[in-house]
Each structure stands twice: as C-alpha cells, then as structure tokens.
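Participant: I'd like to go over a predicted model; first the sequence, then the structure.
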Amino acid sequence: MESLRFLLDVALILLTAKIFGIIARKLHAPEVVGEIIAGLLIGPAVLGLVGQSDFISKMAEIGVIMLMFEAGLSTDMKKLKQTGLKATAIACAGVFVPVVLGVVLFMSFYGFGPVGSEQFIKGLFIGTLMAATSVSITVAALKELGKLSSTVGTTIVSAAIIDDVIVIVVLTFVLSAKGSGSSVWITMLKAIMFFAIAILTGFIVYKAFQWLDARYEHTRRIPIAALVYCMIMAYVAERYFGIADITGAYVAGVVLCNLHDVKYVERKVDVSSYMVFAPIFFAGIGLKVSFESMNPTLILFSVAFVAVALISKIIGCGLASRICGFKWNDSLKIGIGMMTRGEVALITAQKGLHAGLITSDYFTAVILMILVSSILAPILLKVLYKSNKST
C-alpha cells in the first residue's frame, strides 16, 4: 500500500496549494505565492507531511515545461523582434553583475585567492549560481496580471532565455577550469546548433500545424499534437544540446504562437497546467526547503547570498533596461522580473556538487534564494503594475 503514497502526496499538495492560493488572492497577492508557501508548510521545513520524491519532481518538471510552453504561445512576434537586441543586452548585464558580486561575496567569507586559484573558481561558481534566471514564476505572475504579452513581459521572457544560454556557457567554463566538463566552445556550438535546427524544423512544423488547423479547427487533436511537439522539443534541447528543457518548451510555443487556433490551444493546455502540474511545481519549491544542516556561518552566508543575488539582478538588468531606452518604472519591472530563480539554479548547483565546487550544505542557500525570489517577485510586480499603468 505504501507504493500508493504518491496519491496522498498529490492530494495534499493540490488541496493546500489551492487553499493558500485563494488566501493569497484575497490578500491581493499572486496565487503562486500562496502555492509556494503551501509547499513550505507541508514540506520537511515545517510539518513534514509531504517529502520530495522522484514522482513529485517529475510532475513539477512537467509543470514548468507547460508554463514555459504557454509563455511561448502567448508571445507577440512583433514585440519579440523589437525587443531581441535589448533582451540580449539585458541578459548579458544580468549575468555579468551577479557573477562579479558572487566572486566578491564568496571570497569575503572564505578568503581571497588569485585569479585561477581554487578559491577564485569556487567564487566564480557561486556567481554563476546567482546568474541563473528562471522566469517560470514571473511568467505566471505576468499572466495573472494580463501583462505576459506586453513589451516588458516579452522582454523579460526573451532575456531569460538568452540568460540561460549564457549561464550554460559560463558554467561550462567554470567546470572546465575545475578539470571537468566539456569545452566552452563545444557548448556554444551546441547552443547555436539548437536554435538553428529549431528555426529550420520550426518552419516545417508550423506549416504542418497550419494544415491541421485548417482541417480540424477547434478540435482536441490540435492541442494534443502541440503538447507532443512541446515535450519533444524540451527533451531534445536538454538531451542532445545541453540547453534547459524549459528553453525547448518556450521555443516550441513561439513556433506555434501565430496559429489561427493558438488561443484555443493555450486554453486547453492551461486547463491541465492550472489544475495539476503548475500547483505541484510551485509547491515543490517550498518542499525543497530544509534547515537541518545550517550553522551560524552558513546562515550568515545564506542571508548575504540571497540579498546579493536579488540586488545584483535588479541592478544589472534594471540599469541595462534603462540604457536600452525603457522608462525607470519599466526598467525596475524587468529587473524584478529577472530576479526569480528556479530549476536552472538547482541544476547548476547539482553540477557544482558533482564537480566538488560546493558541498550539499549550500543547497539550503540556493533553495532560500529560489524561495525568497519566488515570493517577492510576483508581489513587487503586482505593486508596480498597480501603481503604474505603463507597458
């Protein structure tokens, strides 16, 4: 009977996520904040009713893939073309500033070392952890606010995708410097190849969906086929090109965003995402929090780590946005939207653990960064959009 425990876990997650989501909405906060707090409450950090399991992790992974697929489907191609260069500049600044401040932070706690030393490389890895952006929560918040397809929303999502690619290259460089991992140039080549192949195959896939859409308009086979394409792209991106699966899912959505039936597809995907997979993903963030291995030094470092991680994104992305011509209020929205962290940071931390760059104790700091940014970003975005009716 214990093999059926996952059914009870899912029931508890969905029930508490919904209850706390409603409470968050009543308090004029985004629902995703309530769902994350629900996971924290029922997880190992507080009540211990639900623990992390492979099944829950896989369900959460499907949740984030579907969220990013929806973000791609909601993309306005005209605005995407307009924000492309600006998003690249914002992404570069959003990686550079956290990496530099991360090196300084780590060596301030654990001692300074020359460039190329093991101490410096560990600091560089901490900076890379801070640079990893995951806007799944921002996407959900912007969608709830009706701003996902706005200029600011499109810029945030575009910059986050580019950010992921840059972080992968930086991570490969750090692992190479440590004596593990593949060549930086190979990684860059794989990333370029993925996007080139995605564009070429995307044209063929789009034409196939146009044919399907013309003959079977508003039928369930279209969203089913779209979801199949999303999952394949997510798998191929990570399995063969070393790109995050959420990037593949987002690209799949962008390929299909101009379909005549795109709103119908989006609604059908949203039903499954909203009811099951997305709540498990958001609650899963809270489930990962544990305070068992904390000590005074690590607590102090974790607090500083979270603070620097949040501020560095706001400074880097916000200033770059302003330089690119955005108003100060919109620049702040972009900086805050880019400060959320998620599965990319966890994947980066896991690779650092395997390479001996960090110990498992530091996972608590990473989880706290994800948790704090995931709660703060949606709240701050809602406040900014409420006080200002700009893009």
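Facilitator: Structure's in. What do you need?
Participant: just checking, what packs against the helix or strand that contains Ala198?
Facilitator: Element membership for Ala198 (DSSP states H and E) is helix 184-215. Judged by 3 or more Cβ pairs under 8 Å, 6 or more residues apart in numbering; DSSP states H and E, helix 184-215 is in contact with helix 151-178, helix 221-241, helix 245-256. To be clear about C-beta, it is placed using only N, CA and C from the backbone, and glycine gets the same treatment.
Participant: just say which of those helices is most tucked in.
Facilitator: Burial of these is given as mean neighbour count (mean count of other Cβ atoms under 10 Å); helix 245-256 ranks first at a mean of 27.
Participant: lowest average confidence across the helices and strands packed on helix 184-215, which one?
Facilitator: Here the lowest mean pLDDT among these goes to helix 151-178, at a mean of 78.
Participant: poorly predicted segments of the stretch 251-391 of the chain, please.
Facilitator: The model of the stretch 251-391 of the chain has pLDDT under 70 over residues 293-294, 343-344, 346-347, 350, 360, 388-391.
Participant: hmm, try it at 90
Facilitator: For the stretch 251-391 of the chain, the stretches with pLDDT under 90 are 251, 254, 257-279, 281-302, 324-325, 329, 337-391.
Participant: so where do the helices sit in it?
Facilitator: Along the stretch 251-391 of the chain, the segments classed as helices by DSSP state H, counting those that start in this stretch run 262-272, 278-287, 296-323, 328-337, 343-355, 363-387.
Participant: so for Gly253, which of those helices sits nearest?
Facilitator: helix 262-272 (8.7 Å; Cβ to Cβ).
Participant: just the C-alpha atoms of the closest one, please, in CSV.
Facilitator: Extracted in CSV, the C-alpha atoms of helix 262-272 (Å, rounded to 0.1, in the frame of the first residue of the first chain):
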residue,chain,number,x,y,z
VAL,A,262,-3.5,29.4,-30.8
LYS,A,263,-5.9,30.8,-28.2
TYR,A,264,-7.8,27.5,-28.2
VAL,A,265,-4.6,25.6,-27.8
GLU,A,266,-3.5,27.8,-25.0
ARG,A,267,-6.8,27.4,-23.1
LYS,A,268,-6.6,23.6,-23.4
VAL,A,269,-3.0,23.5,-22.2
ASP,A,270,-3.8,25.9,-19.4
VAL,A,271,-6.6,23.6,-18.0
SER,A,272,-4.1,20.7,-17.3
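Participant: middle-most residue in the protein, spatially?
Facilitator: Nearest to the mean C-alpha position of the chain, counting by Cα atoms, centre = their mean, stands Ser134 at 1.9 Å.
Participant: in terms of contact, does that one touch Thr348 like I think?
Facilitator: No. At 10.3 Å, Ser134 and Thr348 do not qualify as touching, with contact defined as Cβ atoms under 8 Å.
Participant: quick one, what contacts Ala283?
Facilitator: Counting by Cβ atoms under 8 Å, 6 or more residues apart in numbering, Ala283 touches Ile13, Thr16, Ala17, Glu35, Ile36, Ala38, Gly39, Ile42.
Participant: just Leu4 next, same as before
Facilitator: Applying Cβ under 8 Å, 6+ apart to Leu4 gives no contacts.
Participant: buried ones in the lengthiest helix in the chain?
Facilitator: Scanning the chain for the helix with the most residues, using DSSP state H, yields helix 77-110. Of all the residues in helix 77-110, those buried under the rule 16 or more other Cβ atoms under 10 Å are 79-80, 83, 86-103, 105-107.
Participant: no further questions, thank you.
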